[in-house]
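> Prediction below, plus the sequence it came from.
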Protein chains: 2
Amino acid sequence: MTPSVEEISEHLLKHNIKPSYQRIKILEYLVTKRNHPTADEIHKELVKEIPSLSKTTIYNTLKTFIETNLARVITIEENETRYDADISDHGHFKCDECGSIYDFRVNIDILEPDELESFKINEKNVYYSGICKKCISKEEG
Amino acid sequence: MTPSVEEISEHLLKHNIKPSYQRIKILEYLVTKRNHPTADEIHKELVKEIPSLSKTTIYNTLKTFIETNLARVITIEENETRYDADISDHGHFKCDECGSIYDFRVNIDILEPDELESFKINEKNVYYSGICKKCISKEEG
DNA sequence: TTGCATATTTGTAATGATTACATTTGTATT
DNA sequence: AATACAAATGTAATCATTACAAATATGCAA
């Protein structure tokens, strides 16, 4: 669950990315936190450890990760691009109350829409929104 | 398929929105074009007919439409909020080649993720991306 | 090791979508 | 017509993202 720096480095190398200090830290953040952060949230956290860390580096690195399929973009909400190092098919739920984003397992392949028969599908995203369990019990309690 | 101004007005009134000239035009655009436009695209088109039309009005009106469930937001791509007057459950496919967005019918309800059992789900979105039929045949031809 | 070429990071400035807000215009009612 | 209220407009501010040039680090050849 919490991979070592060596494992993170190998993960990068497998995708033909040189494991620089910044890249390791950013991927480590994504993989261990699993919190679907924005670029700004990553920066705010990592700049504590790497004071020189620039926001441009965050954006550059994330772009590299997306291109090499190390991470994917979550655009569940307008005005905030979020990132996820979990590449497997899964859905995202955003709570309109507290803003939390939850992962949920879902078998997207059973959908098979007829109208896309001759289309080449590269990516599938399922986004739900509403009120999460925690916020519901808070309102009731 | 192409509703009259009267029908558009009624549609607005049913949702408790006063049918001003601008609102009628913006809703008419969404309903007849069905092209999932950005706020800017709507403005660019309608300003030809209404030279005084302000972008703020576009944003205000779209916000009103969203709040009253006359339209919904499509956030299939980062950096572009798009709008859709079709409220029914359906998926969206974005072609990475030509940028077109296609609607497709899909029975989202069969997914029923266990992990969201105690969650209140208000909205469900299914976004696919890849290469559309047209672009595939273009590449082959 | 030194020097050179290249890749990566950094900082600043620009861009572009969206929002805030104050002003103006339009509409309805008395 | 006078007033009150709603809607539309224009300008300025905000904020995420990108562009770009300069600085730094890395790898490799001599």
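Perfect, thanks for sending it. In this text, all values refer to a predicted model and were calculated from it rather than measured experimentally.
> Dihedrals phi and psi, the most centrally placed residue in chain A?
Note on chain A: the residue nearest the mean C-alpha position is residue A:84, at 1.1 Å, using CA atoms, centre = their mean. Main-chain dihedrals, residue A:84, degrees, to the nearest 10: phi -140, psi 120.
> Equivalent analysis for residue A:7, please.
For residue A:7, the backbone dihedrals are phi -70, psi -40 (criterion: degrees, to the nearest 10).
> try residue A:131
According to degrees, to the nearest 10, residue A:131 has phi -120, psi 130.
> Could you tell me how far it is located from DNA strand C?
Residue A:131 sits 21 Å away from DNA strand C, going by CB to the nearest atom of the strand, to the nearest Å. Heads up, the C-betas are built off the backbone N, CA and C, glycines and all.
> Also residue A:55?
Distance from residue A:55 to DNA strand C, by CB to the nearest atom of the strand: 7 Å.
> How much space separates the residue of chain A at minimum distance from DNA strand D from residue A:128?
Closest approach of chain A to DNA strand D (CB to the nearest atom of the strand) occurs at residue A:81, with a separation of 3.1 Å. Distance of residue A:81 to residue A:128, given as CB to CB, to the nearest Å: 18 Å.
> Kindly report the residues of chain A close to DNA strand C.
A:17-18, A:20-23, A:50, A:52-57, A:60-61, A:78-79 (CB under 7 Å from any atom of the strand).
> Apply 6 Å and report the result again.
Taking CB under 6 Å from any atom of the strand as the contact definition, chain A meets DNA strand C at A:18, A:20, A:22-23, A:50, A:52-54, A:56-57, A:60-61, A:78-79.
> Run a quick check on residue A:70 versus residue A:14, I expect a contact.
No: Residue A:70 is beyond contact range of residue A:14, at 9.0 Å (criterion: CB atoms under 8 Å).
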